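Chemist: no sequence on this one, just coordinates:
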């Protein structure tokens, strides 16, 4: 692979690439809203045209039960690794519109940032990877094999993806996945996420009387469901921040000394973390650092509590029902279905017998941890170090990217999280943006990643 010529070609196309990215960002591909169904198809068509024009083979828009998957491949490197590139073309709704400084689907460039919904999450990321491959194909040839799986349902939880992968297992066989739905720590401080927490989301409701009652006439004589909900929530943690669901920590993988030392290399201080949160003090499970609590330990969060009178003024009501929404962030090896059983067991043990309660599951997604020492991961490290001039640090991500765990379970391959969003890009919020200099550095990093994989294959 002629690296210098490929990168020179990429740099020469800067203005054209910015214009093409703006085309993609003008398409309001919002999977959540049914009125944008035609826009979803437009975006899939746009991607398919890009992929065919750049020279990929077997480009197809493949139907699912929701929005289609865009597939393409380049399999002309016999004996070389096959990388499955994952991305998504759907975006979040743009609300609240009145907080945008410019229309969310009319891209605006200011101070070397491009502002639009989807600029960072994640049209910019998958675009950068495609353009890196386009430059490689135009200059010479891609040194490895590539397959693309670009879905349209990620922002609504990828409800059709598992069935699609199961139905196309042979087509999607690969050695490793390149997941572009991620970012780096700062413009001059690259990082690689190697672990993600899973997510299990629930709602439970407690009912005592069968209708609302007067709190003066009946208060103090029967259980108040709001009190019950509050007691149950309070008992889910002990005084040291440890989660009290039965058996909850049985499958939690302990951190070894090497990994704890590696996490300490991250350029975060507790003061930085407090500044990000706006909170007056830190809190969490005793015996762990802030970054260990966020990335390497599970958490239980109450996301909402409801019940009783919520209007202005006073109403002396003893409500019939109350409830709460609970999310569990799970570390690798914790199974979401097992966490659901543990939460149910906790409620069975602790809810008063005269109360009726129901537990509803909203979503279950596994976590994942990737080998930091695999040749594919080391290829990513080499690529980032070459382009950014410093070695990336490894980090655990406290949030969830369910597709990583799903692909690991269904295809038995690891993912390399390599993307170029920044923490202050404002994804999912107003004025989302993407740094264009960082994105073009990302294109060069993707080219070096391809070259590093080719070198690894020759050595092996």
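Modeler: That came in fine, so what should we check first? What you see is a predicted model, and the numbers here were worked out from it, not measured in a lab. Numbers count the residues shown, from 1 in each chain.

Chemist: okay, CA-based contacts and neighbour counts for the rest of this
Modeler: Noted.

Chemist: tell me, what residue is most central in the protein?
Modeler: Compute the mean C-alpha point of the chain, and by Cα atoms, centre = their mean the closest residue is residue 401, 3.4 Å away.

Chemist: how much space between that one and residue 376?
Modeler: 19 Å (Cα to Cα, to the nearest Å).

Chemist: what helix or strand does residue 453 sit in?
Modeler: Taking DSSP states H and E as the criterion, residue 453 maps to helix 436-459.

Chemist: about what we covered before: next one: the residue nearest to the centre of the chain, what pLDDT does it get?
Modeler: pLDDT, residue 401: 84.

Chemist: and residue 123, how many neighbours?
Modeler: By other Cα atoms under 10 Å, 23 other residues sit near residue 123.

Chemist: where exactly do the helices run in the stretch 51-200 of the chain?
Modeler: 123-139, 161-167 (DSSP state H, counting those that start in this stretch).

Chemist: got the angle between the helix holding residue 453 and helix 123-139?
Modeler: Calculated by axes from the mean of the first three to the mean of the last three Cα atoms, to 10 degrees, helix 436-459 forms an angle of 50 degrees with helix 123-139.

Chemist: got the buried residues for helix 436-459?
Modeler: Buried residues in helix 436-459, counting neighbours by 16 or more other Cα atoms under 10 Å, are found at 436, 438-454.

Chemist: how about residue 285, secondary structure?
Modeler: Put simply, residue 285 is coil when judged by DSSP: H, G, I helix; E, B strand; the rest coil.

Chemist: Find the nearest non-adjacent residue to it, please.
Modeler: residue 241 (4.2 Å; Cα to Cα, 6 or more residues apart in numbering).

Chemist: Also residue 131?
Modeler: residue 443 (6.9 Å).

Chemist: Starting from the helix or strand of the chain with the lowest mean pLDDT, tell me the next helix or strand along the chain.
Modeler: Least confident helix or strand of the chain, by mean pLDDT, DSSP states H and E, is helix 270-277 with a mean of 86. On the C-terminal side of helix 270-277, the nearest following helix or strand under DSSP H and E is helix 290-295.

Chemist: Any idea how far that following helix is from the middle of the chain?
Modeler: With Cα atoms, centre = their mean, to the nearest Å as the basis, helix 290-295 stands 17 Å off its chain's centre.

Chemist: For that helix, which helices and strands make contact with it?
Modeler: Using 3 or more Cα pairs under 8 Å, 6 or more residues apart in numbering; DSSP states H and E, the elements in contact with helix 290-295 are helix 257-263, strand 393-397.

Chemist: Quick check: mean pLDDT of it?
Modeler: 92.

Chemist: Could you do stretch 338-345 as well?
Modeler: The model assigns stretch 338-345 a mean pLDDT of 98.

Chemist: Check which residues of that stretch are buried.
Modeler: For stretch 338-345, using 16+ other Cα under 10 Å, the buried residues are 339-340, 342-344.

Chemist: Next up, the contacts around the residue nearest to residue 131.
Modeler: Going by Cα atoms under 8 Å, 6 or more residues apart in numbering, residue 443 touches 10, 128-129, 131-132.

Chemist: Tell me which two in those are the farthest apart.
Modeler: Spanning the widest gap among these are 10 and 129, at 11.5 Å by Cα to Cα.

Chemist: if we can go back for a sec, look up how far residue 35 lies from the residue nearest to residue 131.
Modeler: 34 Å.

Chemist: In space, what's closest to residue 321 - neighbours in sequence excluded?
Modeler: Distances taken as Cα to Cα, 6+ apart put residue 207 closest to residue 321, at 4.4 Å, once the chain neighbours are dropped.

Chemist: swap in residue 305?
Modeler: residue 324 (4.3 Å).

Chemist: Show me what the one you found is bridged to.
Modeler: Here residue 324 sits in beta bridges with residue 204, residue 305, going by DSSP bridges.
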